[in-house]
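> Any chance you can model this:
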Amino acid sequence: MLIRSVATAMTLALAMPALTQTAFAQDAETELVDVQTLPDIALGAEDAPVTIIEYASFTCGHCANFHEDNWPKLKSEYVDTGKVRFIQRDVYFDQVGLWAGMLARCGGDDKYYAVSDMLFKEQGKWLAGGSGDEIATNLRKIGLKAGMTEDQMTACWDDGAKAEQLIATFQKNATADEIEATPTFIIAGETVMNQPWDDMKGIIDTKLEEAGE
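Coordinates of the predicted model:
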């Protein structure tokens, strides 16, 4: 069970229609001001000239499409070549999204992006559960494929302090960057909405040119 402050923080999300992909508003009652936030988990060279931050929800269909179609290109052409440092920041629209986010972190930072990829690729399958218990069972299947144990996943989902930190981190970052929907990208400081790969590639190339690359 999530502890009281986390349940309070999720009230707005749980009251919304299922999987509505508009970030819920912050207010004094839901902001976890006294909770320690978590550092970003970055992928790519530390000295890459351009940093791209993606705000994504594991229950967002457009996010899944991006990771299916465009993420492999972004990773191979820019991240793996040292041109871009990539950071994914989770957004929680609902309790199911929080469960998925906790699972993504359960194997440690080194496995975060591998588990994230699995969650996006298999989104249609694990979200197809007709109840919370069925969805949790489907998520466990992904965790097992990622090398986690049943006990490990149970411990992660029972970690109320980590849930608080994840929500507080989401609130702080999304508020600072004025995020209203997912996926939203911050490319070298510029907010960029989701768009076809050729258009996004053009923006990245322009930012690299401005950085002298």
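
> Run through the helices of the chain in chain order.
4-9, 11-15, 61-69, 71-74, 95-106, 109-121, 123-126, 132-145, 150-157, 160-176, 197-210 (DSSP state H).

> TSV for these, including distance to V84, mean neighbour count and mean pLDDT?
All C-beta atoms are positioned from the backbone trio N, CA, C, and that covers glycine. Below are the helices of the chain laid out as TSV (distance: least, C-beta to C-beta, whole Å; neighbours: other C-beta atoms under 10 Å; pLDDT from 0 to 100):
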stretch	distance to V84	mean neighbour count	mean pLDDT
helix 4-9	32	17	35
helix 11-15	31	13	37
helix 61-69	15	18	96
helix 71-74	7	16	98
helix 95-106	21	23	95
helix 109-121	14	17	97
helix 123-126	24	16	95
helix 132-145	27	15	94
helix 150-157	30	15	95
helix 160-176	19	19	93
helix 197-210	7	15	98
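
> Need these in JSON lines (columns: distance to F86).
Output for these, formatted as JSON lines (distance: least, C-beta to C-beta, whole Å):
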{"stretch": "helix 4-9", "distance to F86": "27"}
{"stretch": "helix 11-15", "distance to F86": "26"}
{"stretch": "helix 61-69", "distance to F86": "12"}
{"stretch": "helix 71-74", "distance to F86": "7"}
{"stretch": "helix 95-106", "distance to F86": "15"}
{"stretch": "helix 109-121", "distance to F86": "9"}
{"stretch": "helix 123-126", "distance to F86": "20"}
{"stretch": "helix 132-145", "distance to F86": "21"}
{"stretch": "helix 150-157", "distance to F86": "24"}
{"stretch": "helix 160-176", "distance to F86": "15"}
{"stretch": "helix 197-210", "distance to F86": "11"}
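
> Hmm, A42 is touching I87, no?
Yes: assessed by C-beta atoms under 8 Å, A42 is found in contact with I87 at 5.1 Å.

> Find the nearest non-adjacent residue to the spatially most central residue of the chain, please.
With distances taken as C-alpha atoms, centre = their mean, the residue of the chain nearest its centroid is D90 (2.5 Å). Computed as C-beta to C-beta, 6 or more residues apart in numbering, the closest residue to D90 that is not its neighbour in sequence is G101, at 4.5 Å.

> Likewise for L43?
F86 is the one closest to L43 (C-beta to C-beta, 6+ apart), at 4.6 Å.
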